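Enquirer: requesting a structural model of the entry that follows:
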Amino acid sequence: MSGTDHSRAWSPGVWLVVTLLVLVEIWAAWVAMVMVTFVVSSTCSEPAYRTQIIAGEVTLLVAAAAGLVPWIFGAVRSKLPGRTLLAGVIAVSPLLVAVVAGLRPSFWVGEFCF
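Expert: As a prediction, this is how the structure comes out:
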């Protein structure tokens with residue numbers, strides 16, 4: 001062969017399915033991130049309490065872990081577990097970015113007033 005192992009390559013159909021699954025999960029992770037930040041953040045531009053920040057961070061981490069579970073099971077059954085896990089990490093990336101951004105207390109300050 002010419003340097004590549006074609007027995008380990010994903011077919012175009014598998015690439016299409018994985019891409020669609022990643023895009024759907026990115027959308028779902030973004031919706032979850034928006035919901036968590038809306039529910040947990042403070043209101044009327046007041047500083048967020050420490051408990052709000054911790055609750056938000058934990059909720060985002062739990063959501064990211066829940067989003068990774070199907071990808072972990074898929075990686076166990078896959079011939080290419082590295083690619084499958086990478087797809088899972090990309091799929092939950094909005095939640096992981098929110099976890100990192102949430103380390104700043106200003107992330108949890110909401111502008112919404114009743």
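Enquirer: before we move on, what SS does the nearest residue to I90 once chain neighbours are set aside have?
Expert: By the measure of Cβ to Cβ, 6 or more residues apart in numbering, the closest residue to I90 outside its immediate chain neighbours is V22, 5.7 Å from it. Bear in mind the C-beta positions are built from the backbone N, C-alpha and C, glycine included. Classification of V22 by DSSP: H, G, I helix; E, B strand; the rest coil places it in helix.
Enquirer: just for the chain, where's the confidence low?
Expert: Where the chain drops to pLDDT under 70, the residues are 1-7, 114.
Enquirer: can you pull the contacts of the residue positioned nearest the centre of it?
Expert: Most central in the chain under Cα atoms, centre = their mean is V92, positioned 1.8 Å from the mean C-alpha point. Counting by Cβ atoms under 8 Å, 6 or more residues apart in numbering, V92 makes contact with 25, 29, 63-64, 67-68.
Enquirer: what's the spacing between it and A63?
Expert: According to Cβ to Cβ, to the nearest Å, V92 and A63 sit 8 Å apart.
Enquirer: over to R104?
Expert: Computed with Cβ to Cβ, the distance linking R104 and A63 is 19 Å.
Enquirer: the more surrounded of those two?
Expert: A63 (21 against 10; other Cβ atoms under 10 Å).
Enquirer: now name the helix or strand holding the more buried one.
Expert: Following DSSP states H and E, one finds A63 within helix 50-77.
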